[in-house]
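Peer 1: how would this look folded up:
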Amino acid sequence: MKSVAINGSIRENLGSKEAKALRADGNVPCVIYGGEAPIHFSASKMELRHLVFTSEFKVAEINLGDKTVKAIIQDIQFHPTTDAIVHLDLIELIDGKLVTAVIPVTLSGTSRGVKNGGRLKFFLRALKIKATPENLPESIELDITPLKIGMSIRVSAVNLGEEVTVLNAPSAVIVSVKTSRVAVDEDEEEEAAEGEETPAAEEAAAE
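Peer 2: The predicted structure follows:
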């Protein structure tokens, strides 16, 4: 699992005035939950960008002086106009303790429906799951090769093992192949292919 090293500083003084001063200096107030008590710290917004602005699932290895805490993002607050990170909540990873995480979905293969002119629609690019840290997947890979036009993959079809619980609605569609103006009916195409004779077959028939 990929990780990002972040240098943090414990926050001695809490409150909105202190938080505003941190942001003015290019830092972000953060909190780590899940342990014996919440850990309030701040970190450079430049270091946090590598954790926040990515499509990959990454673990934060937060250096807090004499100890390092492993955690994952729980919630992010952005500035309404600048998209700057205003506040970051994380959850500590403790072996054997369940956590909720958002894992990206990756697609592999080329859909049969797309080959026939259909349009691939990718609705859920990440799934919310619950698992212990040792069972957290880096990504959820789905093979879309068998998908014909009109077919889809729903959350209910995702099996990550007994140790992982998918929290999204089972009926939610992750990816599907829709028809288009240039789409070819696959059944008709297969029937046409079966009805065509090869040059060798035509020569044999003439003899």
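
Peer 1: Can you tell me the SS state at Leu48?
Peer 2: At Leu48 the chain is in helix, as set by DSSP: H, G, I helix; E, B strand; the rest coil.

Peer 1: Pull the contacting residues for it.
Peer 2: Ile6, Val28, Cys30, Ile85, Leu88 (CB atoms under 8 Å, 6 or more residues apart in numbering). Heads up, the C-betas are built off the backbone N, CA and C, glycines and all.

Peer 1: where's the dip in pLDDT among those?
Peer 2: Taken together, the contacts of Leu48 show their lowest pLDDT at Ile85, with 93.

Peer 1: ok, so of the contacts of Leu48, who is nearest Glu138?
Peer 2: Within those, the smallest distance to Glu138 is 18.8 Å, found for Ile6 (CB to CB).

Peer 1: how near is the closest one to Ala60?
Peer 2: Taking CB to CB, to the nearest Å as the criterion, Ile6 is separated from Ala60 by 5 Å.

Peer 1: Give the intersection of the neighbour lists for the two.
Peer 2: Common neighbours of Ile6 and Ala60, using CB under 8 Å, 6+ apart, are Leu51.

Peer 1: between these two, who's got more neighbours?
Peer 2: The neighbour count for Ile6 versus Ala60, taken as other CB atoms under 10 Å, is higher for Ala60 (27 against 23).

Peer 1: May I have the secondary structure class of that one?
Peer 2: Counting by three-state DSSP, the backbone at Ala60 sits in strand.

Peer 1: which residues sit in contact with it?
Peer 2: With contact set as CB under 8 Å, 6+ apart, Ala60 has these partners: Ser3, Val4, Ile6, Leu51, Lys70, Ala71, Ile72, Ile73, Leu90.

Peer 1: I'd like these as CSV, with secondary structure appended.
Peer 2: Converted to CSV, these look like this (three-state DSSP):
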residue, secondary structure
Ser3, strand
Val4, strand
Ile6, strand
Leu51, helix
Lys70, strand
Ala71, strand
Ile72, strand
Ile73, strand
Leu90, strand
